[in-house]
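Asks: Could you work out the structure for the sequence below:
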Amino acid sequence: MNYAKLINGQPEWAPNPVKIDGYTVSNPGPDILLPLGYKEVIYPEPSSDPEQIAAEESKNMIPVYTEESDCIRVSYVEGDPEPQPDPEQLRQMAYRAEADKYLMAYEGYLAEGKALEADEQKALYLAKKAQREVSGQVVPTMARLTEIIINIGCKLSEMFQTVYGWIAAVCIFVVNFFAGYETAINAVVVCVALDTVWGIAAQIKRGRFALSELGRHGMLSKLALYASVIVVFVLLERMANLESQLAVIAICTLICLVELWSMGGSALIVNPKMRFLRIFREVLAGEVARKMQVTVDEAKKYLDGTNK
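Replies: So this is what the prediction gives:
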């Protein structure tokens, strides 16, 4: 049985439990509620006609409360269609209803002096309240994250429809693959570039420079070879789960030494009297001979200035 007071056309439902003269009464009956001004709320008898029931369920029926001398009578009138709440609103309403159920149970047990049961219901209420707050934060965040992922997918699809997009993707992959090895790889690139510059200078002095040689035997071919070797060592390190990067650093150091050796030979061809490299003339004579395509003795004579 439902009891309420009618205030401004809306029912104020009787509380449970009720406090009277310092006492708390759970599940109060009419003998307690009627003297407090609450009246029984009487609803109309439900229809037994299935068609009428179906028609009423499809409409937005609004309850109208009419106060009589001994009760409050309820009737229904058809109102405007209710807007459909979104799923998040329904979820929040369900959380709130369940939390309110635990709160009412907590207050009832507390009024009856059952502290253990009251604490249990309080814990359930707080947990459900926290779950509702987290849900209110997580759902919008997930919706935003989903939107971002979809936008990224659309941009990637547009990017891969052009040649420049594929080039950019390859560059990003290469940079990500060699992440952590930047210093060693930059050293290799610098050494190869310096050796190429001195090699061009040596060929120009000998009158044999050809631009096509850069692709076949020069900088581009060496970079391709060195990149292949470095990739192999990077893969070996990752397969072995090595974090020290010693293998890649060692192979890059070896490559740099080879390039510096070659650069020294080219520099001596350009200027045999270069002071710093003159102390290495004996050991670099073979490199000079290889580059000039002459014998070692002829290269030594060239470095001594006796054979031009």
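
Asks: Residue 285 versus residue 265, what's the distance?
Replies: Distance of residue 265 to residue 285, given as CB to CB, to the nearest Å: 9 Å. For glycine as for every other residue, the C-beta is placed from the backbone atoms N, C-alpha and C.

Asks: Counting neighbours, go ahead and name the busier of the two.
Replies: The neighbour count for residue 265 versus residue 285, taken as other CB atoms under 10 Å, is higher for residue 265 (24 against 21).

Asks: That one in helix, strand or coil?
Replies: Put simply, residue 265 is helix when judged by DSSP: H, G, I helix; E, B strand; the rest coil.

Asks: gap between the closest residue to it other than its chain neighbours and residue 152?
Replies: Nearest residue to residue 265 in three dimensions, chain neighbours excluded: residue 287, at 3.4 Å (CB to CB, 6 or more residues apart in numbering). Distance of residue 287 to residue 152, computed by CB to CB: 52 Å.

Asks: quick one: buried residues of the helix or strand harbouring residue 11?
Replies: Assigned by DSSP states H and E, residue 11 falls within strand 10-13. By 16 or more other CB atoms under 10 Å, the buried positions in strand 10-13 come out as residue 11.

Asks: Report how many residues lie close to residue 31.
Replies: A count of nearby residues for residue 31, using other CB under 10 Å, gives 7.

Asks: Which pLDDT value goes with it?
Replies: Residue 31 carries a pLDDT value of 88.

Asks: mind checking which helix or strand it is in?
Replies: Per DSSP H and E: helix 30-33 holds residue 31.

Asks: that older thread, of residue 287 and residue 152, which one has the most company?
Replies: residue 287 (20 against 10).

Asks: quick one, strands of this protein?
Replies: Assigned by DSSP state E, the chain shows strands spanning 3-7, 10-13, 18-20, 23-25, 39-42, 60-67, 71-79.

Asks: just for the stretch 1-150 of the chain, where's the confidence low?
Replies: Filtered on pLDDT under 70, the stretch 1-150 of the chain yields the residue ranges 1, 55-56, 58, 80-88, 95, 131-147.

Asks: now do 50
Replies: 138-139 (pLDDT under 50).

Asks: Neighbouring strands of the strand holding residue 11 in the sheet, and parallel or not?
Replies: strand 3-7 (antiparallel) (DSSP bridges).

Asks: what's next to the partner strand, contact-wise?
Replies: 11-14, 30, 33-34, 37-41, 65, 67, 72 (CB atoms under 8 Å, 6 or more residues apart in numbering).
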